[in-house]
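In: below is the sequence, then the predicted model.
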Amino acid sequence: MTFWTYRRRDNLVGYLFVAPALLGSLAFVLIPLALVGWYSLNEWNVLGGTFEFIGAENYERLLSDEKLRESLVATTWFAAGLVVLNLSLALLLAVLLNQKLRGTTVFRTLFFSPVLVSLVAWTLVWQLMLQPEGSVNGLLGVVGVDGPNWLRTESAAMVAVIVVQVIKNVGLNMVLFLAALQGVPAPLYEAAKIDGAGAWTRFRRITIPLISPTILLTSIITIVGSLQVFAQIAVLTQGGPGTSTTVLIYYLYQQAFQFHHFGYGATISVLLFVIVAALTLLQWRMRRKWVLHES
Amino acid sequence: MSRKVALYGLLCLLCVPFVFPTWWMVTSSMKPISEIFSESLLPSEWTFSTYSQVFRMQPFGQQYWNSLYIAVIVTAGTMVVAAMAGYAFARIRFPGQNVLFVVVLTGLLIPSEVTIVPLFQLFQSLGLTNTHWPLIIVPIFGAPCVLAIFIMRQFFVALPPELEEAARMDGLGRAGIFYRVALPLARPALGAVAIFTFLHSWNLYLEPIVYLSTPDMFTLPQALTQFVDIYGGPMWNVQLAAATMTAVPILVVFVLAQRQFIEGLAHTGVKG
Amino acid sequence: MSRLTALILAGLLALTACSGSSAQSGPKSLRMTVWTANEAHLKLLNEIASEYKASHPDVTEIKFDSIPADGYTTTLTTQIAGGNAPDLAWILEESAPDFVASGALAPIRGKVEKVDELVPSATKLWQKDGELYAYPFSTSPFGLFVNTSLVKDVPANWTWDQAIAAAAASGKGLVLPDFKYQNWAVLSAIWRGWGANAWSEDGRSCGFASAEMKDAMSFIHKAIFTDKAIPGPGTTVDFFAGNAAMAISQISRAGALKDAKFTWTLVPLPSGPKGDYAVIGQAGVGVMKRSKNAEAAADFLGFFTNEANSAKLAQFFPPVRSSLLNAETLAKSNPLIKPEQLQSVVVEGISKGVVKPSHQGQEELNQTIRAALDPLWKADADVDSVLDGVCAKIKPLLERK
């Protein structure tokens, strides 16, 4: 037996293969993250160039910060609305496109196309279209609906940022669902039909369980993504009206970059990271309860 | 029959919010500025002067090239890094594997706003600000690559072990198995990674603004914000013309290659 | 020093971030951040720069970095935080108190040519303890632009009531292009006529709940929602394209009327219950203290703002030098505006004007006030209680030191 057994060599190859990604994570993710953690223990005035250790003071401030509380409420609404609307619309579109119908490729392309438009261009266009005299209200007027002043009315602004974001990205989830649907064996449906199950029952009892792994994946990606939506808010509402659309990431940006409280901004970053990590962990834990075939 | 008609009707209706913004962007870029807020679907008079204005106001060709070459390098680099890491995490057993995987996955959870300041300090200390390096190496090795690694891992996990066994019998080493057997099979997943990565790089906004400071170095999303009049007010129609030029080529490529695109995408996470 | 600790913690070689202000000898290159990306502006800036380089061979490069106006201060701050501060920077008036008070800027009084001829009202914002920390290269009074194709009769001494009545009668209304129902500070161009202030002179107590402010804001609210003389929130009406009857805007905007297809005139802001007044907007240019070339940068700033160059810059940015601040000189670079208009709006405006409100921690105040004022922009708003609410929100911010 030589020293370089297959197993040893395998280990080495394994390490070599993950090395670039691992070193990258270390340099560009973990170390910066540790630095952010360190900043959160300091008061850092960027303009004055002062950097002062203050211990847990920033964390105490989190507890008494009323704006933070408002922001957490806005974040919850935004994330919940986004995830529910995104996933249900994606599933609806996927089911519609999974019918035996001519021209589904064309529709699939159309529904997917916003994914390809650059984010800045997309928000720019919507910003103009959502003006009170803009095309959105113009179109709504055609069907007799008197649209609100979207970006200036509290509830409407939240709806608007959610919808703009969903339309932009729902195509990705739609495609993933479509592939999952196509993987459901047709005989299952036939059998259920013979047993007298209606369309809804078939969907609930066969489709949903069989595509549950995809639902898990898309919901994780969508939730994590929903907490990172920044540019759209910055362009469309700047967190307003009032603080109704000031989601956590936007509040972080305000504190760190606009109000120059880098230390406190870092503290909010840490909070955001903890929330995202906890949510992801929770979903991962819960997957055994509802995802089929998860070991 | 009536069911089909209803289905088509529904699909057409649902299409409106997906198609209209792009339509509006393209047509409005050819409208005179005074018509941007009018309801008309088409310009009353077509003007293309906005397009020449785009090139006059900014080194737009250079900026286009910047975005394009950065996105291509990032895409190629990410495919290599992600395929290797994804394969190792899925198929090779080595001590500490799971811990390392979780470590890498952390990147998925961090918005770029969170780490931009420390990263900026790093590149500043290396003298690499106002170069394209940060826009290339961070995406390839850092957080944006993690989703790609995840996709590749999920794909390789589902690969039947028999294929590798056979290759090993034939005397192929790990690297050989990876390169000759696994990678060719992974084409659809690689396609998905390529699309995700390209779009991510193409759309990057915050990072270029922070790292780049001269117009010759700018990327497209950043350039879009530069079309302003003498008082800093945005020139909507010129911006829309520039936006159209950034979006339409990608849309055309997509329509031409859409089967490969979507099928590639569809192969990710199916077995999630 | 603790930034050094932070970097060591990271295991990084801190090469530049901490090297501070050790002066560099030999060839120097200077970088100035600006928020204009306009060709004509940059051309002029580069001309001035080349002239300077010709006489100063040790300065090899002077670069103007255009950062989008939207988020300008943010990007600038990020660069400073990352250790890449520019040598010189344009500074928005609203960030002036923060920059001046923080000690981020180097003193420049000694470098400015004929510093005594700078108009006092214009330098107030940029001074601390008698020292000057930035040069107000653009000082632009607000005036009332009137589309005379729509409004025929424009007396030079309008009152606000008359002006709003005329705007309503024209059917096209009066716009405040920079306001957008967000940049509330622009409204000071109206409420100063009522003697209202955002906060007291020392910046410690809130002025939004004062009787003057409530009267002024009630007037504005009525003009928007009852008289329909000011377009409501979210509507985009462009005066410069001929779609509005009047605009309250800074004088430096007059250039946008070069190709106007309508006739127009410029008059001083109408008088309010408290009589005549003027409001100005400003921008300064300062030298970053941490720049390695702070000395050379300050020297260039002196050249950039000397009498000759100020005269050149005057075509875009109204000057603050009393020698240039007369109708004849201004007329040379502002052919669109008649000398008597320049006299009444610009010359008198700059010398007697009050700068738009600004305060230390301005951005946080800005956002808080914007959010607290949002409920006001509805037809059925209760003006008094909204304004009381503004004070309740910003009181802790004003009292913080």
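Out: That came in fine, so what should we check first?
In: quick check: longest helix in chain A by residues?
Out: The residue-count maximum for a helix in chain A (DSSP state H) belongs to helix A:66-97.
In: what is the orientation angle of the helix or strand following it with helix A:66-97?
Out: Next helix or strand after helix A:66-97 toward the C-terminus (DSSP states H and E): helix A:104-112. Going by axes from the mean of the first three to the mean of the last three Cα atoms, to 10 degrees, helix A:104-112 is angled at 170 degrees with respect to helix A:66-97.
In: helix A:104-112 and chain B in contact?
Out: Yes: against chain B, helix A:104-112 shows contacts by Cβ under 8 Å from any Cβ of the partner chain at A:105, A:107, A:108, A:109, A:110, A:111, A:112. C-beta: built from backbone N, CA, C; applies to glycine.
In: assumed residue C:140 was part of a strand.
Out: Yes: under DSSP: H, G, I helix; E, B strand; the rest coil, residue C:140 falls within a strand.
In: related to what we said a few turns ago, buried ones from the residues of helix A:104-112 next to chain B, can you make that a ChimeraX selection?
Out: Listed next is the ChimeraX selection for buried residues among those, using 16 or more other Cβ atoms under 10 Å in any protein chain shown:
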select /A:107,108,109,110,111,112
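In: okay if I get the residues of helix A:104-112 next to chain B as a markdown table plus pLDDT and distance to residue C:340?
Out: Formatted as a markdown table, these follow (pLDDT from 0 to 100; distance: Cβ to Cβ, whole Å):
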| residue | pLDDT | distance to residue C:340 |
| --- | --- | --- |
| A:105 | 85 | 69 |
| A:107 | 91 | 65 |
| A:108 | 89 | 67 |
| A:109 | 88 | 63 |
| A:110 | 91 | 60 |
| A:111 | 93 | 62 |
| A:112 | 90 | 62 |
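In: between the residues of helix A:104-112 next to chain B, which is nearest residue B:194?
Out: residue A:112 (15.6 Å; Cβ to Cβ).
In: wait, isn't that closest one in contact with residue A:170?
Out: No: the pair residue A:112 / residue A:170 is not scored as a contact, 9.1 Å apart, by Cβ atoms under 8 Å.
In: related to what we said a few turns ago, and the longest helix of chain A, how far out from the chain middle?
Out: How far helix A:66-97 lies from its chain's middle: 8 Å, per Cα atoms, centre = their mean, to the nearest Å.
In: for that helix, buried residues please.
Out: Residues of helix A:66-97 classed as buried by neighbour count (16+ other Cβ under 10 Å): A:67-68, A:70-72, A:74-75, A:77-79, A:81-83, A:85-87, A:89-91, A:93-94, A:96-97.
In: same deal with stretch B:74-87?
Out: B:74, B:75, B:77, B:78, B:79, B:81, B:82, B:83, B:84, B:85, B:86, B:87.
In: next: stretch C:51-63.
Out: So, applying 16+ other Cβ under 10 Å, buried residues of stretch C:51-63: C:52, C:53, C:59, C:62, C:63.
In: list the contacts for the residue of the stretch 101-250 of chain B found nearest chain A?
Out: Here the stretch 101-250 of chain B gets closest to chain A at one residue, residue B:141, 2.5 Å apart by Cβ to the nearest Cβ. Residue B:141 makes contacts with A:20, A:21, A:23, A:24, A:25, A:27, A:28, B:81, as judged by Cβ atoms under 8 Å, 6 or more residues apart in numbering or on different chains.
In: tell me which of these is nearest to chain C?
Out: For the contacts of residue B:141, the nearest to chain C is residue A:27 (9.2 Å; Cβ to the nearest Cβ).
In: wait, the closest one touches residue B:140, no?
Out: No: using Cβ under 8 Å, residue A:27 is not in contact with residue B:140, being 11.6 Å away.
In: neighbour count: those two, which is higher?
Out: Using other Cβ atoms under 10 Å in any protein chain shown, the more surrounded residue of residue A:27 and residue B:140 is residue B:140, with 26 against 19.
In: measure that one to residue B:76 for me?
Out: Distance of residue B:140 to residue B:76, computed by Cβ to Cβ, to the nearest Å: 9 Å.
In: also residue A:245?
Out: Residue A:245 is 38 Å from residue B:76, by Cβ to Cβ.
In: for residue A:99, same thing?
Out: From residue A:99 to residue B:76 the distance is 38 Å (Cβ to Cβ).
In: look up phi and psi at the residue lying closest to residue A:57 once chain neighbours are set aside.
Out: In space, and not counting its chain neighbours, residue A:57 is closest to residue A:43: 7.5 Å by Cβ to Cβ, 6 or more residues apart in numbering or on different chains. In this entry, residue A:43 is assigned phi and psi values of phi -100, psi 120 (degrees, to the nearest 10).
In: what helix or strand does the residue in the stretch 1-150 of chain B positioned nearest to chain C sit in?
Out: Relative to chain C, the nearest point of the stretch 1-150 of chain B is residue B:120 (3.6 Å; Cβ to the nearest Cβ). Assessed by DSSP H and E, residue B:120 sits inside helix B:112-125.
In: how far is the following helix or strand past that helix from where the chain is centred?
Out: The helix or strand immediately downstream of helix B:112-125 is helix B:133-141, counting by DSSP H and E. Taking Cα atoms, centre = their mean, one finds the center of helix B:133-141 at 13 Å from the center of the full chain.
In: what is the orientation angle of helix B:133-141 with helix B:112-125?
Out: Using the same axes, to 10 degrees, the direction of helix B:133-141 lies 120 degrees away from that of helix B:112-125.
In: so for helix B:133-141, mean pLDDT?
Out: For helix B:133-141, the mean pLDDT works out to 95.
In: is stretch A:85-97 in proximity to chain B?
Out: Yes: Stretch A:85-97 is in contact with chain B by Cβ under 8 Å from any Cβ, via A:93, A:96, A:97.
In: now flag whichever of those is closest to residue C:310.
Out: For those, the nearest to residue C:310 is residue A:93 (61.5 Å; Cβ to Cβ).
In: quick one: contacts for the residue found closest to the closest one once you drop the neighbours it is linked to in the chain?
Out: Nearest in space to residue A:93, with sequence neighbours left out and distances taken as Cβ to Cβ, 6+ apart, is residue A:174 at 4.6 Å. By Cβ under 8 Å, 6+ apart, the contact set of residue A:174 is A:89, A:90, A:93, A:94, A:97, A:108, A:111, A:112.
In: which of those residues sit farthest apart?
Out: With Cβ to Cβ as the measure, no two of these lie farther apart than A:89 and A:108, at 14.2 Å.
In: quick one: residue C:112 and residue C:135 touch, right?
Out: Yes: at 6.1 Å, residue C:112 and residue C:135 qualify as touching, with contact defined as Cβ under 8 Å.
In: which of those two has more neighbours?
Out: residue C:135 (28 against 20).
In: what sits opposite that one in the beta ladder?
Out: residue C:285 (DSSP bridges).
In: pretty sure it is touching residue C:286, no?
Out: Yes: between residue C:135 and residue C:286 a contact is recorded at 7.4 Å, counting by Cβ under 8 Å.
In: shared neighbours of those two, anything?
Out: Contacts common to residue C:135 and residue C:286, judged by Cβ under 8 Å, 6+ apart, are C:108, C:126, C:301.
In: okay, which residue is most central for chain B?
Out: With distances taken as Cα atoms, centre = their mean, residue B:199 lies nearest the centre of chain B, 1.3 Å away.
In: which element is that residue on?
Out: helix B:187-203.
In: give the other helices and strands that the helix or strand following that helix contacts.
Out: Next helix or strand after helix B:187-203 toward the C-terminus (DSSP H and E): helix B:206-211. If you count contacts as 3 or more Cβ pairs under 8 Å, 6 or more residues apart in numbering or on different chains; DSSP states H and E, helix B:206-211 packs onto helix B:112-125, helix B:133-141, helix B:220-224, helix C:72-81.
In: reformat these as CSV; add distance to residue A:12.
Out: Shown next, in CSV, are the helices and strands packed on helix B:206-211 (distance: least, Cβ to Cβ, whole Å):
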stretch, distance to residue A:12
helix B:112-125, 29
helix B:133-141, 21
helix B:220-224, 42
helix C:72-81, 41
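In: need the winner for burial among these.
Out: helix B:220-224 (a mean of 26; mean count of other Cβ atoms under 10 Å in any protein chain shown).
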